[in-house]
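Engineer: Provide a 3D model corresponding to the input given below.
(2 chains)
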Amino acid sequence: MRILLFCLSLLLASHTWGRLDQAHQVQEPAYGEVAYLYLQGEYFAALTRAQMALERGEVTHHRADLQVLLGAMYSAYGMPEDAQKVFSTLLDTQVSDSVAQRAWIHLAGLFYRQGKYREALQTLDEQIGEPPSELAETYHSLRAKILMRLGRYEEAAESLDAFAADHPLNAYLRYNLAISWINGEHPSLGQEWLWQLANLPPGEAETDAIKDKAMLALAIYMLRSEQEPRALQLLSAARADGPFADESMMLYARALLIENQPSRALPVLRRLDEMSIQRRAVQEAQLAIPILYDQLGHQSQAKVGFETAIARFSSLDAYLVDLEARIASGEWFSAMVGEPQWSTAMDPVPRFLPQRVSSFPTFYTWFATAGFQQGWNQYHELMRQQNLLALWQQKMPALDTLLHAQENKQKAMRPQAKALLKQLSNQNFQGQLGRLGRQFDEAVDDQDPLPFATEEERRLWQAQQEARDLTGGWGEMARPDMIEKLDFYRGLLLWEMQEDIVPRQWQRERELNDIQQLLEKNRDLRTRVLYAANRVDRLEHFSKELPELQRMLADLQQRGEVLMRRQQYGLQAAAFEQITRTRNRLKRFSATAHEGLADLVYRSLRESRPQRSSAPVPDGVSP
Amino acid sequence: MRCVVMVLLLLAFTPLQSAELDKDLADFKREVLEVNKRLLLLEEELLFPADTQVGIYVSLDVGHFFEPDSITLEMDGEVIASHLYTEKEVRALRNGAVQRLAVANVKNGGHELVAFVTGDGPQGTEIRRGVNGQFEKGHGRHFVQLHIEDDSAKQQPRFRFRDWR
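Structural biologist: So this is what the prediction gives:
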């Protein structure tokens, strides 16, 4: 049940963003980038990127969406307090209905994970009401889970009916609810639901596993409710290679025995006996086989069976004692962890690889529990963070060098930059251009051709002006035709200059515009120089921050090591508990086997005593 | 003797300690996140100052006619990034997420981008396409998006670079 709920929470986490095949417009790259990491389950990298985006103010349009995502990630990443803080802050501000509904659903999910079921249900009922279509699945599955926890099964069933029957979540939730029905007030309804699940079309490993589990649960219910023939029929069709194969086979053998068919039960038990003795069902089979032989009157085989069982139990116990020692020394844990390979510090936690563990059959049911998976993931998360901190430690000298290089460059360039900026301000280019513009406007208004004259024309105009001044000085001595000639040339020059005055004005206007553009570029350059000159403040801040960060890294590495040890001890303690339980069971089984063997010998002795003269001793049983 | 002490220690690990461990882990994660954020900000500012930084992003809208397999990106004739897509990454892109393909330092002014994209088109046909684009780097950080979208009329994907401001 717990592992199913764990799977559910993982499935739910992947449904918090959106749905496939729906156009989704991301307007800010930082938000899209966070989503890219989040949708791949890389919560650590996504959380870091989200925090960077918020700190740098990279997100404005999607700010509220990003905060919902941040809260959801905190929640999924095992930081419930941070998640609650983000949601509470967000919901205290003015946000759109869609954002608020998502935030409330996540908050209710958080309450559910914290075991605050009433609070979670109240949040959903009071704040959401009717969920929007894109959130319906998340809403109804969460509501169904909460209602199941509160024992309100009828309402939970109604919630489950609200979303797609072929959804993988639906199968998990229906299984949980069916078990609740069976153990509660509606066993027949539970049986019906389990039957539907057991008859799902075969598909992926996940679907097949839930089919097997439903079949097993159904068979147990049938055996309990005296429907043995139906249980037998069901179990005979169970898979012999699935994750629940050993339990199914054991149950089948039990059902056959209940139905008084020991000869059919025996081959099933023998087949089960071929599996690893570390499995509980195999241990039971090991004990059941000689008892069955005894019942069938095959005392010699029963004796061999008891002896084999005792030997195998004893050898398993010796193995478990050795395993205990290896757990206590940490050797078992190291072997289980191995050396996970990460290409970068931001990679997700590697998957648990049970093939690596020789003691897998001893712990396989525990490995499948949410408790183990959570502890295992936490250990790897710590390991990944230690790896990340170590990488940063390695990078620190390079960062320090880079920072100093930039500081030195800044120190050398800053005076030059400041001098350049000062020189530029003294030139007052913009003011000069303004004056030129005004002169241009006046010349255009007055239709004065001189400002647009060529150099040659200016020289001629100047010479003509000087000649006029000179002849003016001669007074009456000046020849009249000379003055007329000068006037004629002046008129001719003016006419030439005015003939194409419009193209000349355009040309000048274009030149002024070009200068304006150059000045704008100049202004842009000045801004950049100014920014670069002032960047030294930021670099000074970094040079103070770097040693502080180095100290924090060292401190965190130490704390990380302690936490890893604590997490390791937690897992080792749980493994030790599993072994203690198995050893206690083995003691009981071994005692039963000894008892059975003793009883067998005693009976053979009793049988042989009065018949010593006539009857032979059974095969293999020595008096 | 050492083993016995160890076993006693292990058995002393109670559920109460487990809850305390969860809280300590959350505190630790919070601080690691904070330090990681600060270091990444510092590193990015030292390696890619805002004034010269350009980021190239990839987005997929909606992806009915194209599933990316690989992208090679060239800027001003030099390869600056190559990427092979995993199933998870394609799924994230289809859900509207955006991938930061590359970040680089460039001078102000005009630059040319060329992307070579391969992937599966409609009915599993292989698509290889080269995409050209230009951008004008100005003051401050600059973002360019390689946008892959569905062309419903042609039942084909359409690729283009565009500035993302």
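Engineer: Kindly tell me how buried the closest residue to A:Glu81 other than its chain neighbours is, as a neighbour count.
Structural biologist: Nearest residue to A:Glu81, sequence neighbours excluded (CB to CB, 6 or more residues apart in numbering or on different chains): B:Ala26, at 6.5 Å. The C-beta positions use only the backbone N, C-alpha and C, and glycine is treated the same way. When neighbours are counted by other CB atoms under 10 Å in any protein chain shown, B:Ala26 registers 17.
Engineer: Show me how the record splits chain B into domains.
Structural biologist: Domain segmentation of chain B under automatic domain parsing yields B:2-47, B:53-163.
Engineer: Pick out the shakiest of those, pLDDT-wise.
Structural biologist: Among these, domain B:2-47 carries the lowest mean pLDDT, at a mean of 78.
Engineer: ok, which residues in the stretch 201-350 of chain A are in contact with chain B?
Structural biologist: Proximity of the stretch 201-350 of chain A to chain B (CB under 8 Å from any CB of the partner chain) is limited to residues A:324-325, A:327-329.
Engineer: May I ask which of those residues has the most neighbours?
Structural biologist: A:Ile327 (25 neighbours).
Engineer: any idea which element that residue lies in?
Structural biologist: Taking DSSP states H and E as the definition, A:Ile327 sits inside helix A:299-329.
Engineer: next helix or strand past that helix?
Structural biologist: Next along the chain after helix A:299-329, with elements defined by DSSP H and E, is helix A:331-337.
Engineer: Please save the CA atoms from that next one in PDB.
Structural biologist: Only the C-alpha atoms of helix A:331-337 are listed here, as PDB (Å, rounded to 0.1, in the frame of the first residue of the first chain):
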ATOM      1  CA  GLU A 331      30.600  -3.200   4.100                       C
ATOM      2  CA  TRP A 332      27.100  -4.200   3.000                       C
ATOM      3  CA  PHE A 333      26.100  -0.600   2.500                       C
ATOM      4  CA  SER A 334      29.200   0.300   0.600                       C
ATOM      5  CA  ALA A 335      28.600  -2.700  -1.800                       C
ATOM      6  CA  MET A 336      25.000  -1.700  -2.300                       C
ATOM      7  CA  VAL A 337      25.800   2.000  -3.000                       C
END
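Engineer: following that helix, which helix or strand comes up?
Structural biologist: helix A:360-367.
Engineer: still on that earlier bit, can you tell which of the domains of chain B is closest to A:Trp461?
Structural biologist: Nearest of those to A:Trp461, taken as CB to CB: domain B:53-163 at 43.5 Å.
Engineer: near chain A at all, the closest one?
Structural biologist: Yes: interface with chain A: domain B:53-163 contributes B:55, B:57, B:59, B:61-62, B:64, B:88-89, B:91-100, B:108, B:138-139, B:143, B:145 (CB under 8 Å from any CB).
Engineer: Can you flag the buried ones in these?
Structural biologist: B:55, B:57, B:59, B:61-62, B:89, B:91-100, B:108, B:143, B:145 (16 or more other CB atoms under 10 Å in any protein chain shown).
Engineer: Now distance to A:Ala463 too, for the domains of chain B, in a markdown table please.
Structural biologist: Formatted as a markdown table, the domains of chain B follow (distance: least, CB to CB, whole Å):
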| stretch | distance to A:Ala463 |
| --- | --- |
| domain B:2-47 | 65 |
| domain B:53-163 | 48 |
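Engineer: Check what pLDDT the residue in the stretch 151-300 of chain A that chain B sits nearest to gets.
Structural biologist: Relative to chain B, the nearest point of the stretch 151-300 of chain A is A:Glu204 (14.5 Å; CB to the nearest CB). Predicted confidence (pLDDT) at A:Glu204: the value is 79.
Engineer: Tell me which residues touch the nearest residue to A:Val95 once chain neighbours are set aside, please.
Structural biologist: Nearest non-adjacent residue to A:Val95, counting by CB to CB, 6+ apart: A:Ala64, 4.7 Å away. A:Ala64 makes contact with A:90, A:93, A:95-96, A:99, according to CB atoms under 8 Å, 6 or more residues apart in numbering or on different chains.
Engineer: Select only the buried ones of these in PyMOL?
Structural biologist: In PyMOL syntax, the buried subset of the contacts of A:Ala64 is picked out as below (16+ other CB under 10 Å):
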select buried, chain A and resi 90+95+99
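Engineer: which one of the contacts of A:Ala64 is nearest chain B?
Structural biologist: Using CB to the nearest CB, the contacts of A:Ala64 come closest to chain B at A:Val99, 15.9 Å.
Engineer: surely B:Ser70 meets B:Glu89?
Structural biologist: No: using CB atoms under 8 Å, B:Ser70 and B:Glu89 do not qualify as a contacting pair, with a distance of 11.2 Å.
Engineer: Now do A:Ala45 against chain B, distance only.
Structural biologist: From A:Ala45 across to chain B, the span is 9 Å (CB to the nearest CB, to the nearest Å).
Engineer: In this structure that residue contacts A:Tyr36, no?
Structural biologist: No: counting by CB under 8 Å, A:Ala45 does not reach A:Tyr36; the two are 9.5 Å apart.
Engineer: More neighbours: which of these two?
Structural biologist: Between A:Ala45 and A:Tyr36, counted using other CB under 10 Å, the more crowded position is A:Tyr36 (27 against 22).
Engineer: Helix or strand: which one has that one?
Structural biologist: A:Tyr36 belongs to helix A:29-38, assigned by DSSP H and E.
Engineer: quick one: is that helix near chain B?
Structural biologist: Yes: residues of helix A:29-38 are located near chain B by CB under 8 Å from any CB, namely A:29, A:31-33, A:35-36, A:38.
Engineer: so the helix or strand just after that helix versus helix A:29-38, what angle?
Structural biologist: For helix A:29-38, the following helix or strand on the C-terminal side (DSSP H and E) is helix A:43-56. Between helix A:43-56 and helix A:29-38, the angle comes out at 170 degrees (axes from the mean of the first three to the mean of the last three CA atoms, to 10 degrees).
Engineer: Helix A:43-56 - contacts with which helices or strands?
Structural biologist: helix A:29-38, helix A:63-76, helix A:370-427, helix B:15-47 (3 or more CB pairs under 8 Å, 6 or more residues apart in numbering or on different chains; DSSP states H and E).
Engineer: who's in contact with it?
Structural biologist: Under CB under 8 Å, 6+ apart, the answer for helix A:43-56 is A:30-31, A:33-35, A:37-38, A:58-59, A:63, A:66, A:69-70, A:73-74, A:76-77, A:346, A:381, A:384-385, B:33-34, B:36-37, B:40-41.
Engineer: Now do it, average pLDDT.
Structural biologist: 92.
Engineer: Give me the buried positions along that helix.
Structural biologist: A:43-54.
Engineer: and the gap between the closest residue to chain B within the stretch 201-350 of chain A and A:Gln572?
Structural biologist: Using CB to the nearest CB, the single residue of the stretch 201-350 of chain A nearest to chain B is A:Ala328, 4.0 Å away. For A:Ala328, the distance to A:Gln572 equals 8 Å [CB to CB, to the nearest Å].
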